[in-house]
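Novice: Predicted coordinates and the sequence they were generated for:
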Amino acid sequence: RTELEKKDLKQYVNSILTAYVVKTPPDHEAGLSLLLRLRESDPEIVEDAVKYIIFLVDAERLFDTALGMYDFSLVLMIAQHAQKDPREYLPFLRELRALETYYQRFKIDDHLKRYESALKNLSIAGASYFDEAVGYIESHSLYDAALRIWKTTDRYNTILELYGDWLFERREFRQASSAFIQAHAFSKAMVAQEKALEWQELFCLAFQIGMSEADIVTTGYRVAEELGSKKRHSDAARVLLDYAKDVREAIIAYVQGNHFSEARRIIALKSKPELVEDVVHPAALESCSQIVEDVHECQEQLRKQLNRIRELRIRKVEEPDAFYDTEDMALHNIDVMTDVSMAPTTFTRYTVAPTATSRSSRRTSRSKRKMERKVGSGKKGTVDEEEYLLKSLTKLAARFTTIQEEARNLLPHLLQFTSEHREEGTALQQLLDDFDGELKRSLDEIWTKPDEDNSVDSWATRMEQVEKDRRANPVDKVAKPELPSSAKGWRINLLDFES
């Protein structure tokens, strides 16, 4: 194309236009720019060239491309040679021509759905159009483009605040607070930070803007309540202590999160010994009761699932095909029509059973997803159920590790409080010890593989091994969970002497 342009633009104009049109993607604008050049240098050939490009490209597309080049003479030239009805386009063009240049371009870009370019032209059109620009940004969610366009102007903070409002509506509170801070919209920033539970940043900003002490206390209670509802008890206590100045409520928050050591430290620091008896003692017994309840739930789940695994393993031996949910694929290769000499009829496709090959080809697109769903749901009485149970027991072991950590935080305090607390602590530690042993024995039983005799190397044993490989053992797929030993420190040895 370049060589043809150098050689003789006039002679090879159609070839050059074709080259622009067949590009990937097509470059219609470059083709129309060539027509403009020809109109200035060789106006006698423009008419044929216009007809040729209209022959190659849809006239409506060319009309829009010409309009997007902001050249009305080119638009008219395309419209006239495409034999468009003047009533369709002349009123629109007259309306555009009456507008100021950049507002005119905004209208054109908007018509062509080139929204970012439209916003750019609207910003150049002048400050009097700023309110319209704000509405346009909101209508088409052009916040990123707006931030770039107004970055170095005195309207930037307004755009930032607009962007923050949009983020807030989308519940992106953390991002919204950053936008509001940059826009110096501090009140909105604090609302967003509170919604995001970014309490450190919230109170830092509150002091920077000089919020009154009464408002800080009120905000502290409100934020602490929300943090507590999200199980962030330690953060809630810190807020109550530092900003609401409420030691009692802070201690309640600490013990709700099982942070007894920190609760007692704050009580000593603030000289509030009465809170030990009023708040900490009952909370310790309540926490102990909750841990006992959790252990009993784990115990019930373990025994139920262990018995079910034992039943499944008996089924695995007695009914292997049902357990592994296998089908006899050889049956799928039998045709209903056994007389091979019979001529096919119109109804053959309804009477011939599909072969294994055709059946499997239809299945391949869905079989993998189906198998994954089966394993996830644990189909009753099959290998999938056993795998599901093994995964469930793995989660149970992880849950028990968490319970042990909670007991580690509680047991030292139960030892130090009243005789009732020591009795409860002793019973809790014994319960944990008993279940720890029961869980370990159960996991050992479940994850112990039977001895395999591979002494005889024969065709039969090799085929048996192939069959075993096909029927994978769920124990090989799910790793045995590791339980922490009592030496890791959750126990209190002195409680052993309380019984």
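Specialist: Okay, I see it. Small disclaimer: the values here were computed from a predicted structure and weren't measured. Numbering: from 1, shown residues only.
Novice: Can you give me the distance of the spatially most central residue of the chain to Trp166?
Specialist: Most central in the chain under CA atoms, centre = their mean is Glu172, positioned 13.7 Å from the mean C-alpha point. From Glu172 across to Trp166, the span is 9 Å (CB to CB, to the nearest Å). All C-beta spots, glycine's among them, are computed from the backbone N, C-alpha and C.
Novice: Looking only at residue counts, what's the top helix in this structure?
Specialist: Among all segments of the chain classified by DSSP state H, the helix with the greatest residue count is helix 281-318.
Novice: so what does it touch, helix or strand wise?
Specialist: helix 247-256, helix 260-269, helix 320-324, helix 383-416, helix 419-447 (3 or more CB pairs under 8 Å, 6 or more residues apart in numbering; DSSP states H and E).
Novice: So for that helix, mean pLDDT?
Specialist: Across helix 281-318, the average pLDDT comes to 94.
Novice: Identify each buried residue in it, please.
Specialist: Buried positions in helix 281-318, judged by neighbour count with 16 or more other CB atoms under 10 Å: 281, 283-285, 287-288, 291-292, 294-295, 298-299, 302, 305-306, 309, 312, 315-316.
Novice: quick revisit: need the winner for burial among the helices and strands packed on helix 281-318.
Specialist: With neighbours defined by mean count of other CB atoms under 10 Å, none of the helices and strands packed on helix 281-318 is more surrounded on average than helix 247-256, at a mean of 23.
Novice: Does anything pack onto it? Which helices or strands?
Specialist: Other elements packing on helix 247-256 under the criterion 3+ CB pairs under 8 Å, 6+ apart are helix 213-229, helix 233-242, helix 260-269, helix 274-275, helix 281-318.
Novice: other SSEs contacting the fourth one?
Specialist: The one in question is helix 274-275. When contacts are defined as 3+ CB pairs under 8 Å, 6+ apart, helix 274-275 sits against helix 247-256.
Novice: Which residues outside the helix it packs on are in contact with it?
Specialist: Applying CB atoms under 8 Å, 6 or more residues apart in numbering, the set of residues contacting helix 247-256 from outside is 221, 224, 228, 233-234, 236-238, 240-241, 244, 260, 262-263, 266-267, 270, 272, 275, 279-280, 283-284, 287.
Novice: Phe168: neighbour count?
Specialist: With neighbours defined by other CB atoms under 10 Å, the count for Phe168 comes to 19.
Novice: ok, now which ones touch it?
Specialist: With CB under 8 Å, 6+ apart as the criterion, the residues that contact Phe168 are 176, 188, 191-192, 195.
Novice: Include secondary structure when you put those residues into a markdown table, please.
Specialist: Listed next are the contacts of Phe168 as a markdown table, based on DSSP: H, G, I helix; E, B strand; the rest coil:
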| residue | secondary structure |
| --- | --- |
| Ala176 | helix |
| Lys188 | helix |
| Val191 | helix |
| Ala192 | helix |
| Lys195 | helix |
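Novice: Now restrict the residues you listed to buried residues only.
Specialist: The neighbour count (16+ other CB under 10 Å) marks 176, 188, 191-192, 195 as buried among those.
Novice: Spatially nearest residue to Gln208 (excluding sequence neighbours)?
Specialist: Once flanking residues are discounted, Gln208 sits nearest to Phe186: 7.9 Å by CB to CB, 6 or more residues apart in numbering.
Novice: Tell me if I'm right that the one you found and Leu205 touch.
Specialist: Yes - because the distance of 6.2 Å satisfies CB atoms under 8 Å, Phe186 is recorded as touching Leu205.
Novice: quick one: which of those two has more around it?
Specialist: Leu205 (19 against 16).
Novice: Now do the SS call for that one.
Specialist: When states are read from three-state DSSP, the local structure at Leu205 comes out as helix.
Novice: you'd agree it is up against Val191?
Specialist: No - under the criterion of CB under 8 Å, Leu205 is not in contact with Val191, lying 10.9 Å apart.
Novice: contacting residues around the residue nearest to Gln208?
Specialist: 180, 205, 208-209.
Novice: Considering those residues, which possesses the most neighbours?
Specialist: For the contacts of Phe186, the largest number of neighbours (other CB under 10 Å) sits with Phe180, at 26 neighbours.
Novice: Which residue comes closest to that residue once chain neighbours are left out?
Specialist: Nearest one to Phe180, counting by CB to CB, 6+ apart, is Ala189 at 3.6 Å.
Novice: likewise Phe417?
Specialist: Leaving aside its sequence neighbours, Phe417 sits nearest to His281 (CB to CB, 6+ apart; 5.9 Å).
Novice: again with Ser117
Specialist: Ser117's closest residue in space is Asp109 (CB to CB, 6+ apart), at 4.5 Å.
Novice: Make sure that neighbour is actually in contact with Tyr115.
Specialist: Yes - the criterion here is CB under 8 Å, and Asp109 meets it with Tyr115 at 7.3 Å.
Novice: between these two, which one's more packed in?
Specialist: Asp109 (21 against 17).
Novice: any idea of the mean pLDDT for the helix or strand hosting the residue nearest to Phe180?
Specialist: Assignment of secondary structure by DSSP states H and E places Ala189 within helix 186-196. On average, the pLDDT along helix 186-196 is 96.
Novice: For it, what is the distance to the chain centroid?
Specialist: Its chain's C-alpha centre and that of helix 186-196 lie 24 Å apart, by CA atoms, centre = their mean, to the nearest Å.
Novice: same check, this time on stretch 383-395
Specialist: So, by CA atoms, centre = their mean, the centroid of stretch 383-395 is 26 Å from its chain's centroid.
Novice: likewise stretch 187-198?
Specialist: Remark: stretch 187-198 is offset 23 Å from the chain centroid, using CA atoms, centre = their mean.
Novice: Give me the residues contacting that stretch.
Specialist: Here stretch 187-198 makes contact (CB under 8 Å, 6+ apart) with 161, 164-165, 168, 171, 173-174, 176-177, 180-181, 199, 201-202, 205-206, 219, 222-223, 226-227, 230, 232, 235.
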